[in-house]
Every structure is written in structure tokens, then in C-alpha cells.
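1. The following comprises the amino acid sequence and a computationally predicted model.
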Amino acid sequence: MKLLTLLVDGIAYGMVLFVLASGLSVTLGLMNVINLAHGAFAMAGGYAAVVLMQKAGLPFIWTLPAAFVLTALAGAVLERLLYRPIYAKSHLDQVMFSIGLVFMAVAGIDYLMGSTQQFIQLPGWLQGRFDIAGVAVGRYRLFVIVLCGLLAFGLQWGFTRTRFGSRLRAAVDDARVARGLGIPVHALFAFTFALGSGLAGLGGVLGVELLGLDPSFPLKFMIYFLVVVTVGGTSTITGPFLAAMLLGIADVAGKYFIPQVGAFIIYALMVVLLLLRPDGLFARQRT
Amino acid sequence: MLNDRIRARLAASRRWHPAEFVLWGLALAAVFLLPRQLLILNEIAILALFAISLDLILGYAGLVSLGHAAFLGVGAYAAGLLAIHVTADPLAGLAFGTLAAALAGLVTCPLVLKGNDLTRLMVTLGISMLLLELANSFGSITGGADGLQGITMAPLLGLFEFDLMGRTAYLYSLAVLFLLFLLARRIVHSPFGLSLRAIRDNPLRAAAAGVPATRRLTAVYTLAAAYAGAAGALLAQTTQFVSLDVLAFHRSADLMLVLIIGGAGYLYGGIIGALAFKILQDAIATVTPQYWQFWIGLLLVLFVLGGREILHGGVMALVRRGAALFSRRRKAP
């Protein structure tokens, strides 16, 4: 039964990772931009929630949409001001640019909020555990699974069933041809970037309880997002979703059964998977 | 006919420019001119060697890496462990650290060469993180978070004791930097170096012209790893301490900034960049010791957004004007 509890923990963890990284996979696939600063948006969302709860007394549940809107706005502004000039630059330039942003975010948050870990007070109805058929399941974890599951479902629906989604997929497949057909690729991208930043911010709030929140968050979880994106591929929603699940469960199980090797398993898993499938584990075959 | 022309071009590029003599002369003269700054000069020499290592793969072969600190760490731990358990001789430690890192480079090279830029960035980052986790987990060997303590070095060549002022340390690091620089200079101006640039600029055409890309890239990657290992060994020996910090991500990121400041693809970029970076770091650290990372980040962002072109353009214009002034004065009488 302990195993099932672990499995639920792993799924909840993976769900949060998916929400955090889903925006990254689309921006990477659409504009071929490597944005290592994605975690900074997640951190911003987390800190926004902490401040809103502590200073403004906002209930936890309202901090979720608030963090989403705030980070989405921040993403839209930064995309327009900072990111647009670097699309045409080399991958290396993009990496250095986004590492620079991460360093600034880490030091900036340290300056504003201090370097200690932040906590949030969950409302009473999210504390404690359920007992489902003898398996102890944390209420908050169940809440996260349901919420993120709905989000993933919504994203998948939007991506495959709407006009917006089909334009987006067309642009990811071949941006030049899509532009030739009159699809406004830049506007699509700006919107997706904002959406992805907002989702990262939302994931950041949900993750305060599960992943922890301190100024080193963007650096600590950078590799996790990258694993989700590279292993999951950039052309679907289900790819990153499955990759995030795999990563979440492997990480939770690894830390439980063999704690002494720490994060070793994640890095080893990533290197091995990248070697076996350089284009991602769930990449669509191009025909 | 073509062969002769290529040979002549390579020979011309190997010729020494007067400014190069001035640079190395100044580096040597610094021992007497700046006797109080020898410890930081030693750090600059080591960082320059580390930067030359990255320049070899990034500037000449076009291989991106986010985890070059892995080889610095391997070299540092190898040299430190040898000094503690086997022999305190500095040169033996240097050779051992260099070889250990070269071996690590050779082993990991197939992983790095596979895939595109994106997977390469991630695999190099993953490998350095793996090593960091390993060094942290095997605390009984590496000292874990406390670092590797108790390194004492024997006198260099049995003659020169390592002093507190860092005089021996600086001269030692400078000598190693100079010798390895000479080797790198010879290599990049050889047909081998030319073929690396061909692979960097157009891999498909290079392959069609019969350049064995995988073998060439493996060779230069191993060489670069060896250079980084030498830098790590120097770091461990001259500071007599190795901590997990040598494998940390910020080492690799700082190194990128060094090469951006100095410019990649001409070897001196690493040296000039290391000098500028350390001076900058020192200056910022005296103003805001705690948030110095913020300014590094800002510099990275500004450099990518166009500061690099402005800086390098300005420097080149100055150099051109200086050269014009120089040649006019020579013609005048």
C-alpha cells in the first residue's frame, strides 16, 4: 500500500512538472528558442502567491488565477521587450541570454525576499489525508492531480480541436510555410509565450508545497523542465505529459528507495534517454 | 600548387605579432610590478587556461557545452587526491589531473557528438550535474560538501616552495598556461585546425571533402578536456583545496561570459576575457558582495542584446586607429 501512496505522490509531482514545463515545450517547438529562464516565471508565480497571501490576505485558491494572470502579463511584456530580438540569434546566444535572466532573477528575489525557503498556509480542506481503499492519499496531492489533469485535458483539446490549435501545430511544423499561408506566427508565438509563462506561474504556486520555493528554484529545476521538453518532444501535448509523469514517478521512487544517490537517477535517465532517442521519446515520426 | 598556397597561408598565420610578445612580457613582468596581486593573477591565469579549453571546442569546432566545469572538476579532484594519497609532487599531479580529464573527455565524447545543439547543451549539462552528484554522494573519497582538505604540495621541481604571496603559484600557472597556449596555437594553425573550422562552418561540405568529422571532433574534445583538467589541477594545487564548487553550474556559465567578453575563435579571447572578467568580478564584489550574480546576469543579457558588437567594434576601431598612427609615424621621417 505504501507503493500506491508513493505512486500518487509521483503522479502529483509529475503533474506539477507538466504544468510548469508545458509552456516551454511549445515555445521551443514554435520558435526554436531555448529559454532556460522558464523557471524564473514559475518562481515569480510562487513568490507572487506568497506575497498575496501574507500581505494582502488573499485565500490560497484565489492566488492560483492571480499568479497565472500576473506571470502571463510579465511573460507578454518580456517577450515583446527582451525575447523578440534574440529569436534570430544562435542557440548559444539564447542560452547565455536566458542564463543571464536566471541569474538576475535569482539575485533579485534573494535581494527582495531573502534567501530562506518560503511556505504557504494551505486551507483546512486541503490538509490531511483521504483513505481510499486502504491507501492513504494526501488531499492536496489529489487536488493537484485533479486540477492539473483538467488543465492537461484542456490543453490537449485546445491544441488538437480548435482553430487556434491547428494554426499553432501548423506553425510548429513549418513556420515559413505557415506564414506564407497567412497565419500570424509572431502573434501566435507571443500569445503562446504568455500562456506558457502563466502556466509556469500557476505551476509555481502549486509547487510551493511539493517542490519547495527559494531563490535557487530556477536553477534547481531548470534541468527537470529540460528533461520534460527534450524527452517529451515538442510537437504534441501528450509527449511532455508522459515524460513529466515518468520523471515525477522516477524521482519520487528514487528518492524514497535509494536516497543516498539523490538526483543522480534523473541525470542518468536523461542522458540515457537522449542517447537512445535524440529527438525525444514520444516524437512524432516525420513522413 | 594549392598545397603550397595553403602551406604559405598556415605559415603566415603562425607568425608572431609584436603585440603578442608585449602581452606575454607584461604577464611575466607582473611578478615584479604587482607583487601584491599575485593571488588574483594566479586565478586569472587558471581561468584563462580554462577559457582556452572551451575556445578550442566552441570557437574552433563549434561544439556548444553547458557543462565544461565537469573536466575542471575531474582534473581538480584527480590532482588533489593524488597529492593526498600518493605523491605531493606538483608536476605529477598536473599530469595526472590532465590525463584523468582527457580520459573523461574521451569517454563522454560519443555522448556529446550525438544529436543537435539542443541535446548537446543538455547532455553536457547532465554530465556535469551527474559528476557533481557523484562527488557529493561519495563524501568518504571527495570530502563531500566539506571539500577535499589536507592537500600539501611539495616544492615545484624540488626547488621552489609554494609561498603565501602566491609568487611560485603564479609563475607555475603562467608557465603552464604559456606552454599549453603554444601547443594550442600550433594546433589551430595546422591543417588539423583548418579541418575543424571547416566542420564548424559547414559539416556537410566538410564531410563531402573527406574530413573524418567524428574522429577530428573526438580528438579536439579530448584535447579540450585535457586543458580543462590541467586548469583544474592548477587550481587544486595552488589553492590546496578542492570543493564541490569546481563542478558547479555557475563555473560553466561564468566561462561563457569570459569567452563572450574576450571573443571566441582566436585563443587570446580566453586570456583577455579572463583578465577583464576577474577585474570586473573584483570591482563588483567590493561594491555588492552578495548580489554580484545579478550584475553578471545583466552583463550576459546586455552582451547578447548587442553589447558585444559595440564592445568589439569599439576595440577593433581603436586597434585600427592605433595601427594607422603607428604606420604613419614610421613613414613620416
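-> Arrived safely. Residues are numbered from 1 along each chain as shown, chains lettered A, B, ... in the order given.

2. what's the pLDDT at residue A:97?
-> pLDDT for residue A:97: 88.

3. ignore the last one, residue B:51
-> If you check residue B:51, the pLDDT there is 92.

4. contacting residues for the spatially closest residue to it that is not a sequence neighbour?
-> The shortest distance from residue B:51 to any non-neighbouring residue, by C-beta to C-beta, 6 or more residues apart in numbering or on different chains, is to residue B:270 (3.1 Å). Every residue, glycine included, has its C-beta placed from N, CA and C. Residue B:270 is in contact with B:48-55, B:258-259, B:262, counting by C-beta atoms under 8 Å, 6 or more residues apart in numbering or on different chains.

5. One more pass at 6 Å, please.
-> Contacts of residue B:270 were listed using C-beta atoms under 6 Å, 6 or more residues apart in numbering or on different chains, and they are B:48, B:51-52, B:55, B:262.

6. distance of it from residue A:158?
-> Going from residue B:270 to residue A:158 by C-beta to C-beta, to the nearest Å gives 48 Å.

7. Output the below-cut-off pLDDT ranges for the chain.
-> Let's take chain A. Applying pLDDT under 70 to chain A flags the ranges A:1, A:30-31, A:260-263, A:278-287.

8. Correction: the question concerned chain B.
-> Low-confidence segments of chain B, defined by pLDDT under 70, are located at B:158, B:307, B:326-333.

9. Flag every residue of it that's near chain A.
-> Chain B comes close to chain A at residues B:64, B:115, B:117, B:119, B:122-123, B:126, B:129-130, B:133, B:137, B:253, B:256, B:291, B:293-294, B:296-298, B:300-301, B:304-305, as judged by C-beta under 6 Å from any C-beta of the partner chain.

10. Give me the buried entries from the residues you listed.
-> B:64, B:115, B:117, B:119, B:122-123, B:126, B:129-130, B:133, B:137, B:253, B:256, B:291, B:293-294, B:296-297, B:300-301, B:304-305 (16 or more other C-beta atoms under 10 Å in any protein chain shown).

11. circling back: mind giving me the ChimeraX command for buried ones among the contacts of residue B:270?
-> Per 16+ other C-beta under 10 Å, the buried members of the contacts of residue B:270 correspond to this ChimeraX selection:
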select /B:48,51,52,55,262
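
12. Could you dump the contacts of residue B:270 into TSV and include secondary structure?
-> Formatted as TSV, those follow (DSSP: H, G, I helix; E, B strand; the rest coil):
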residue	secondary structure
B:48	helix
B:51	helix
B:52	helix
B:55	helix
B:262	helix
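
13. Go through the contacts of residue B:270 and say which is closest to residue A:82.
-> The nearest member of the contacts of residue B:270 to residue A:82, counting by C-beta to C-beta, is residue B:262 at 24.5 Å.

14. how much space between the closest residue to chain A within the stretch 51-200 of chain B and residue A:243?
-> Per C-beta to the nearest C-beta, the residue of the stretch 51-200 of chain B with the smallest distance to chain A is residue B:115, at 4.0 Å. Separation of residue B:115 from residue A:243 (C-beta to C-beta): 17 Å.

15. can you tell me which helix in the chain is longest?
-> Picked chain A for this. helix A:2-31 (DSSP state H).

16. my bad, chain B
-> Every helix in chain B considered (DSSP H), the longest is helix B:213-239.

17. what's that helix packed up against?
-> Packing partners of helix B:213-239 (3 or more C-beta pairs under 6 Å, 6 or more residues apart in numbering or on different chains; DSSP states H and E): helix B:38-55, helix B:69-85, helix B:90-113, helix B:191-201.

18. 7 Å - rerun?
-> The contact analysis (3 or more C-beta pairs under 7 Å, 6 or more residues apart in numbering or on different chains; DSSP states H and E) places helix B:213-239 against helix B:38-55, helix B:69-85, helix B:90-113, helix B:167-188, helix B:191-201, helix B:203-208.

19. highest average neighbour count across these?
-> Stretch with highest mean neighbour count among the helices and strands packed on helix B:213-239: helix B:69-85 (a mean of 27; mean count of other C-beta atoms under 10 Å in any protein chain shown).

20. and for that helix, what are the contacting residues?
-> Contacts with helix B:69-85, where a contact means C-beta atoms under 7 Å, 6 or more residues apart in numbering or on different chains, come from B:50, B:92-94, B:96-98, B:100-101, B:104-105, B:127-128, B:131, B:135, B:142, B:148, B:150-151, B:153, B:225, B:228-233, B:235-237, B:242, B:246-248, B:251-252.

21. Let's see that with 6 Å instead.
-> B:50, B:93, B:96-97, B:100-101, B:104, B:127-128, B:131, B:148, B:150-151, B:225, B:228-229, B:231-233, B:235-237, B:242, B:246-247, B:251-252.

22. next one: stretch B:252-263
-> By C-beta under 6 Å, 6+ apart, stretch B:252-263 touches A:96, A:99, B:51, B:54, B:66-69, B:269-270, B:272-274, B:276-277, B:300, B:303.
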